[in-house]
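In: Dropping the sequence and predicted coords here.
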Amino acid sequence: MIMHFDMATGDITGSEDRDTTVDDRAPDTRPALRLQTVEEAVALERRTSGLPADVVSTPVEVLLDKWD
């Protein structure tokens, strides 16, 4: 049996009977947990084109002069 409650007042707002046609002895159909393979991890790895490290320490004026 499933009971529904009003969270503000605590009153019971309804209930449902459990479906009796479900076989509890049925095998579990959920996929088994496992570790990723190296190929899967590489395929999911996000590729970034990031800026070179020297850009961070370069003054803005120098960057603007290069791009003008």
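Out: Nice, thanks for sending it over.
In: Torsion angles phi and psi at the residue nearest the centre of the chain?
Out: The centre of the chain sits closest to residue 44, judged by CA atoms, centre = their mean, with a distance of 13.4 Å. Residue 44 adopts backbone torsions of phi -90, psi -10, taken as degrees, to the nearest 10.
In: Count the residues that sit near the residue nearest to it when sequence neighbours are not counted.
Out: Once flanking residues are discounted, residue 44 sits nearest to residue 36: 7.7 Å by CB to CB, 6 or more residues apart in numbering. Placement of C-beta: from N, CA and C, glycine included. Counted with other CB atoms under 10 Å, residues neighbouring residue 36 total 10.
In: rewinding a little: do you know the pLDDT at the residue nearest to the centre of the chain?
Out: Looking at residue 44, its pLDDT stands at 86.
In: tell me the strands in this structure, going along the chain?
Out: Ranges of strands in the chain, per DSSP state E, are 2-5, 12-16.
In: So residue 14 versus residue 7, what's the distance?
Out: 14 Å (CB to CB, to the nearest Å).
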